[in-house]
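Visitor: quick one, fold the following:
(one chain, ligands or ions: 1)
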Amino acid sequence: MDQLEVLLDAMTLEEKVGQLNMVASFRAVTGPGALQEVDDLIRAGHIGSLLNIWGREEVARVQRLAVDESRLGIPLLLCHDIIHGHRVIFPTPLAEACAFNPVLWQKTAQAAAQEASEEGVALTFAPMLDIARDARWGRMVEGPGEDTWLARQIGVAKTRGFQGEDLSFATSLAATAKHFGAYGAVTAGREYASADVSERTLLEIYLPPFAAAIAAGVAAIMPAFNDIAGQPMTANRYLLKDILRQRLGFEGVVISDFNAVGELLNHGVAHDLLEAAVLAFNAGVDIDMTSNAFIEGLPIAVDRGLVSLNDIDNSVRRVLRLKERLGLFKDPYRRGSSVSYNAQKGKDQRRALAREAAQRAIVLLTNKDQLLPLAPDLICLAMIGPFVDDVGAMLGSWASAGHEEQTVSFFEGVRKAAPNCHLDLVIGVDGLSQDVSGIELALAACRKAEVILLCLGETAEMSGEAASRADIGLPGAQRALAEAVFALGKPVVVVLTSGRPLAAPWLFERATAVLATWQLGSEAGHALADILFGVINPTGRLPISWPRAVGQTPIFYNQRATGRPTQIGVHYSSCYIDTLASPQFPFGHGLSYSAFSLLDFACLTPLVKHNDNVEVSVRVRNDGARPGEATLFFFIHDLVASLARPVLELKGVKKVFVGQGAEEQLSFVLAVEDLAFVGPELDLTLEAGRFEIYVGQSADPVGLLKDSFDLVL
Ligand code: GLC
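Guide: Numbering: from 1, shown residues only. Predicted structure coming up:
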């Protein structure tokens, strides 16, 4: 009999339920409610895991309580939200998604896992894989953007990066794909609100990123806070068992979100904590995060026959198996106690990686008169606005221990890159209030400058969890500042720090150039300067459609045509009367200092069958003054099917480096099986017929090259 079975046999029911109980520690506050005293609960075997914990001493202390002072000595699973770094902070996930670079995504997750595991963390609540099409929702910043194909790539890369070759390695973290179930579709973008998506949209858009993470071996899944059509995800037996376990084959641990089991009472589906515990456990939740519903209710529920002991054993088995895979039984102290630990070891490499990730996160949205890159011999630059030296804003939400690290501000980065340039730093407005008293001082600095760097956007607190916004424009008096600066008639580069796309058509009209810098992390200032002065040719591309107005949200490129497709100037077509229906900037948009043209796009396989591949080729020419990296998006459109299909579906992205004045030939191969969609019977369906296939440098219909092929079955 294997050791785990022997251990399971020896456990009392209270000790078994203890393994299903996760309690919060003090390193962060990530949900409601006061902290509990944990020491005696650990000794009694009533806690199996802690979250919001890191730090060698504290980790050793609580682990010793579990291993030496509890009856069975089962080690604790120590967890934290390592989302985009632990000490060295990388760009927020939405920013990193702009890189369209799985190798980079895996590396940054690996680097974060190394730092966090050295301080005792064994499981991270990441990657967050919630498709987000609504910029009002604050948590768009934490996720992969709007596209399912992209989110699948991110799910695989991040799972591999966090978990490494083997979970037992001391530098590996168990990853948690979250938040299972259309959290990004909350009504009106309002945090925690109900989501109402069809089962087909759920299966086709929201769940495939989780399927990809599961296929990559993700260790845990976290259900979302929201309900879907009235069924809270935390008690959603159909999605947590039939879909997650049966259809997607997940065998790992399901960890509830913070207090989510207890909040089934607020959802109105449970009268009391006991009923909430029974509902969540029988729906498929293994670990109850912080609500105490399981530890208090499950022993009673078993006694009353509301929950089976066999199911309890299966959940406990999954938790113990995860601890075994992490090597915790062999060496409970392997994470956070290495004698060779040196906090500085490898930090230079991690900071260099953070700088590269930040460079690749920056999206050049507009660049009139080719103002950028700036000449390195600039004499005088005015750096204006609330985010010129706000390092907190650079880190964004879920920054773990990043606040204790040196973060390079925009001012610091520019100063270092252009030591001979006179810099005038004036905040002007504070970014939140309506106080405009500082604008005159800002204008005085601008009058002396050759170029103005206007650093605008959102504070870190204006995105992330519990940070939905009904107005996704520039907050406070920033517009007043910007318009006063624009009125001077000087070249203005706007740098936008934000956790979401900001609706500001007036800004894009008036600025000479605009960079979306999101929240770039520890190396923000260096990365910005690298792009500003042309050390790096920008490669960032938008993982979301950028709205012109909040009224357009949710907005996304892969819409269905409708019976009256959008046609500018056509009255009876899917439009608005007060703004264009198209986004300010399309999915995939991003300028370069090069100038790429796509030519001679051709489908080489005009007729394909079930097990064939579709192959296309295209030539990329760089007519610009600098070598650069082009990003090509390959889309399909299923022209006629048993269901209305999206006008564009992303099926692949390729990057290619093209020298100045040079050309590169590229081919792209798509397996016919990837043309399948969730059909009328909700199963993956392949249907014969004509498909259009496209290549473009974004989802902008104007720039797409098209060919077609026929699928016969
Ligand atoms: C939070 C978040 C979740 C996070 C968890 C633990 O409420 O919803 O993403 O992992 O609690 O901090």
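
Visitor: next, the contact list for residue 371, please.
Guide: 451, 491, 493, 512-513 (C-beta atoms under 8 Å, 6 or more residues apart in numbering). Where C-beta positions appear, they are placed from N, C-alpha and C, glycine not excepted.

Visitor: ignore what I typed, I meant residue 492.
Guide: If you count contacts by C-beta under 8 Å, 6+ apart, residue 492 has them with 451-452, 454, 485-486, 510-513.

Visitor: do residue 114 as well
Guide: Each residue near residue 114 by C-beta under 8 Å, 6+ apart is listed here: 171, 346, 350.

Visitor: quick check, pLDDT for it.
Guide: Confidence at residue 114, expressed as pLDDT, is 97.

Visitor: over to residue 376?
Guide: With respect to pLDDT, residue 376 scores 82.

Visitor: pretty sure residue 192 sits in a strand.
Guide: No: assessed with DSSP: H, G, I helix; E, B strand; the rest coil, residue 192 is coil; it does not lie in a strand.

Visitor: tell me which parts of the stretch 401-550 of the chain are close to the ligand?
Guide: Contact residues, the stretch 401-550 of the chain versus the ligand (C-beta under 6 Å from any ligand atom): residue 465.

Visitor: distance check, the closest residue to the ligand within the stretch 401-550 of the chain against residue 186.
Guide: At 5.5 Å from the ligand, residue 465 is the closest residue in the stretch 401-550 of the chain, using C-beta to the nearest ligand atom. In this view, residue 465 and residue 186 are 12 Å apart by C-beta to C-beta, to the nearest Å.

Visitor: which one of the two is surrounded by more residues?
Guide: Counted by other C-beta atoms under 10 Å, residue 465 and residue 186 do not tie: residue 186 has more neighbours, with 25 against 18.

Visitor: same question for stretch 409-420, mean pLDDT?
Guide: Across stretch 409-420, pLDDT averages out at 97.

Visitor: tell me the buried residues in it?
Guide: Neighbour-count burial for stretch 409-420, counted by 16 or more other C-beta atoms under 10 Å, picks out 409-415, 417-418.

Visitor: before we move on, what about stretch 581-590?
Guide: Quick answer for stretch 581-590 (16+ other C-beta under 10 Å): 581-590.

Visitor: now, the most widely separated pair of those?
Guide: Farthest apart among the buried residues of stretch 581-590 by C-beta to C-beta are 581 and 590. That separation is 21.6 Å.

Visitor: quick check: domain ranges of this protein?
Guide: Taking automatic domain parsing as the reference, the chain has its domains at 3-325, 357-552, 596-712.

Visitor: report the rounded mean pLDDT for stretch 547-554.
Guide: Stretch 547-554 shows a mean pLDDT of 98.

Visitor: contacts made by that stretch with the rest, please.
Guide: Residues from elsewhere that reach stretch 547-554 (C-beta under 8 Å, 6+ apart): 133-136, 185, 189, 470-473, 501, 503, 505, 555, 576, 579-584.

Visitor: nearest spatial neighbour of residue 23, skipping sequence neighbours?
Guide: Leaving out its chain neighbours, the residue that sits closest to residue 23 by C-beta to C-beta, 6 or more residues apart in numbering is residue 47, at 5.1 Å.

Visitor: go ahead and confirm that neighbour touches residue 18.
Guide: Yes: the criterion here is C-beta atoms under 8 Å, and residue 47 meets it with residue 18 at 6.1 Å.

Visitor: one step back: of the buried residues of stretch 409-420, closest to residue 679?
Guide: For those, the residue nearest residue 679 by C-beta to C-beta is residue 410; the value is 49.9 Å.

Visitor: can you show me the CA trace of stretch 647-660 as CSV?
Guide: Taking C-alpha atoms only, stretch 647-660 is exported to CSV below (Å, rounded to 0.1, in the frame of the first residue of the first chain):
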residue,chain,number,x,y,z
VAL,A,647,-15.9,37.3,-39.0
LEU,A,648,-12.4,36.6,-37.8
GLU,A,649,-10.9,33.9,-35.7
LEU,A,650,-7.2,34.1,-34.7
LYS,A,651,-5.5,30.7,-35.5
GLY,A,652,-1.8,31.7,-35.2
VAL,A,653,0.8,34.4,-34.8
LYS,A,654,4.3,34.5,-36.3
LYS,A,655,7.1,36.9,-35.7
VAL,A,656,9.9,37.5,-38.2
PHE,A,657,12.9,39.7,-38.1
VAL,A,658,13.4,41.7,-41.3
GLY,A,659,16.5,43.8,-42.1
GLN,A,660,16.2,47.4,-43.4
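
Visitor: show the contacting residues for the residue nearest the centre of the chain.
Guide: In the chain, the residue lying closest to the centroid (C-alpha atoms, centre = their mean) is residue 143, at 2.0 Å. Residue 143 sits next to 93-94, 97, 128-132, 151, 184 when contact means C-beta under 8 Å, 6+ apart.

Visitor: hmm, back to that, just send the buried residues of stretch 581-590 back as TSV, with pLDDT, distance to residue 288 and secondary structure too.
Guide: Shown next, in TSV, are the buried residues of stretch 581-590 (pLDDT from 0 to 100; distance: C-beta to C-beta, whole Å; DSSP: H, G, I helix; E, B strand; the rest coil):
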residue	pLDDT	distance to residue 288	secondary structure
581	97	45	coil
582	98	46	coil
583	98	41	coil
584	98	43	coil
585	98	43	strand
586	98	43	coil
587	98	38	coil
588	98	41	coil
589	98	43	coil
590	98	43	coil
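
Visitor: just to revisit the earlier point, state the helix or strand in which the residue nearest to residue 23 lies.
Guide: Here residue 47 is covered by no helix or strand, with elements defined by DSSP states H and E.

Visitor: what's the pLDDT at it?
Guide: Confidence score, pLDDT, at residue 47: 98.

Visitor: that's all I had, so thanks and see you.
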